[in-house]
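Novice: Only the shape, not the letters, is given here:
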């Protein structure tokens, strides 16, 4: 009985030790240095389907007050709405940078990521980063845009596509140009997509797609424009409380 009891205690202690070791492995590493600035290197304003991972990682950099990269600073990421980070914290490398992969939440819309570190006095230093989750309709709009729109509306060429943007007499607005496109109501956007630029007194180089795209397709393109607008689309007649 005594031996059995002792073996039970030993097994329990072993399990507790293992749990403590596993928990300790998840603890934040102690910072080796501190910075005064947190800046974005890359990865902001990406789009992905709801619940999906962003194509590119989010990379931030910790600098000191003079703008020099700080190695060994602790960076932590957080967000609401079911966003996940891999990893969500860690120390900056020799280049002062920290990289994380991001998966967005299950609701379409804008998500704000917050990267944080601390300065030498322990004061929080934060950086806010916006990303966009697209729902089914908006993803359809994105697929249609890749087929029909981006060759003219995107100014940069890629390995898959040569841009026609600079060949037009009136360069088309980017789909993210909220300053211009958000000022147009849904009916006007529908008209210009369906009937071409002349429907609103715009450039005739914008062709009509009413015979090519269905009403569902046109609505999906409008939904995409609203989702990716920068600054964000705020429909007229809707009032927003200050937080």
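Specialist: Arrived safely, thanks for sending. Note that the structure is predicted; figures quoted are calculated from it, not measured.
Novice: shaky segments in the protein?
Specialist: 1-26, 237-243 (pLDDT under 70).
Novice: what do you get if the cut-off is 80, keeping everything else the same?
Specialist: 1-26, 157-161, 236-243 (pLDDT under 80).
Novice: what does the domain assignment say about it?
Specialist: Domains of the chain are assigned by automatic domain parsing as 37-134, 136-228.
Novice: Torsion angles phi and psi at residue 73?
Specialist: With angles defined as degrees, to the nearest 10, residue 73 shows backbone torsions of phi -90, psi 140.
Novice: Strands of this protein, start to end?
Specialist: 37-42, 47-49, 58-63, 74-78, 84-86, 89-91, 97-103, 109-118, 124-134 (DSSP state E).
Novice: Show me what the fourth one is packed against.
Specialist: This means strand 74-78. Contacting strand 74-78 under the criterion 3 or more CB pairs under 8 Å, 6 or more residues apart in numbering; DSSP states H and E are the following elements: strand 58-63, strand 89-91, strand 97-103, strand 109-118. To be clear about C-beta, it is placed using only N, CA and C from the backbone, and glycine gets the same treatment.
Novice: neighbouring strands for that strand, and are they parallel or not?
Specialist: Using DSSP bridges, strand 74-78 pairs in its sheet with strand 89-91 (antiparallel), strand 109-118 (antiparallel).
Novice: what is the orientation angle of it with strand 37-42?
Specialist: Counting by axes from the mean of the first three to the mean of the last three CA atoms, to 10 degrees, strand 74-78 lies at 60 degrees to strand 37-42.
Novice: what's the answer for the third one, then?
Specialist: Interaxial angle, strand 58-63 versus strand 37-42 (the same axes, to 10 degrees): 150 degrees.
Novice: Pipe the strands of the chain into CSV and attach mean neighbour count per row.
Specialist: As requested, the strands of the chain are exported to CSV (neighbours: other CB atoms under 10 Å):
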stretch, mean neighbour count
strand 37-42, 17
strand 47-49, 18
strand 58-63, 23
strand 74-78, 21
strand 84-86, 15
strand 89-91, 17
strand 97-103, 19
strand 109-118, 18
strand 124-134, 18
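Novice: Among those, which comes closest to residue 29?
Specialist: Residue 29 lies closest, by CB to CB, to one member of those: strand 89-91, at 5.5 Å.
Novice: Which strand residues bridge the most centrally placed residue in the chain?
Specialist: The centre of the chain sits closest to residue 131, judged by CA atoms, centre = their mean, with a distance of 2.2 Å. For residue 131, the beta-bridge partners under DSSP bridges are residue 111.
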